[in-house]
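>>> One predicted model, sequence on top.
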Amino acid sequence: MAQAMSTDPRIQRTRSSLQTALLQLCKKRDLDDVSISEIAEAAGVNRTTFYQHYPDINTLLADALDSFADDAHAQLQTALPNFEEVGPGEIILRFLQHLHDNSSLYRKVFNSSSSPVLVARLTQRVSDIAEMGMRAKDFDESEMPIEVAAASQAGAIVGILSAWLKMKPLPSAETATGWVLSSLRLNEVG
């Protein structure tokens with residue numbers, strides 16, 4: 001989960017600026033090539049301010065990804081009452097478009113040398129979203145607890161995302177969405 005956010009709007013604004021700066025810099029360069037000084041400068045703060053909020057870049061990255069996941073989660077919560085209208089494909093596509101737009105950053109997240117905490121957080125988020133979708137569709141728990149089914153789907157989806165992000169050239173978010181939806185349909189049949 002993201003670091004506990006202070007209710008002070010200035011702290012929230014600074015953290016958000018640092019997160020945005022990191023994501024913007026990582027669109028241009030690999031995460032390993034981005035320094036704390038560059039992040040601070042892009043966010044309009046100094047290095048001391050960076051360290052007041054984050055001990056290192058990986059923690060900042062984890063919070064930035066959590067913030068995006070929080071936004072996606074809020075979008076899903078909004079869409080759930082109209083789940084059949086919006087459809088899981090549109091919700092998945094929005095998320096995968098974000099991954100596609102930030103592919104160099106997410107490649108680093110899925111790299112075997114990256115922090116396992118980042119992948120664990122992403123997997124948990126995907127599992128939570130899968131569980132929400134299952135609950136919205138009145139999942140039958142007679143054969144398997146919903147938490148187990150959601151974790152199973154999350155594992156499959158994260159595996160697809162990892163393989164997709166390693167591909168060069170990177171297929172579109174629409175293509176990857178099709179793969180995820182196919183996997184979900186296979187899980188329903190199996």
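Okay, I see it.
>>> so where do the helices sit in the chain?
In the chain, the helices defined using DSSP state H lie at 9-28, 36-43, 47-53, 57-79, 83-101, 103-110, 116-136, 146-166, 173-189.
>>> among those helices, which gets the worst mean confidence?
Note on the helices of the chain: helix 57-79 shows the lowest mean pLDDT, a mean of 72.
>>> ok, now how distant is the residue of the chain positioned farthest from its centre from Asp32?
Using C-alpha atoms, centre = their mean, the residue of the chain lying farthest from its centre is Ser142. It sits 30.5 Å away. Per C-beta to C-beta, to the nearest Å, Ser142 is found 48 Å from Asp32. Every C-beta, even on glycine, is put in place using the N, C-alpha and C of the backbone.
>>> got it, and Lys137?
41 Å.
>>> Pull the number of nearby residues for the residue lying closest to Ser183 once chain neighbours are set aside.
Distance criterion C-beta to C-beta, 6 or more residues apart in numbering; nearest residue to Ser183, sequence neighbours excluded, is Ala156 at 4.9 Å. For Ala156, the neighbour count with other C-beta atoms under 10 Å is 17.
>>> how near is Ala156 to Ser35?
37 Å.
>>> contacting residues for Trp164?
Leu170, Pro171, Ala176, Trp179 (C-beta atoms under 8 Å, 6 or more residues apart in numbering).
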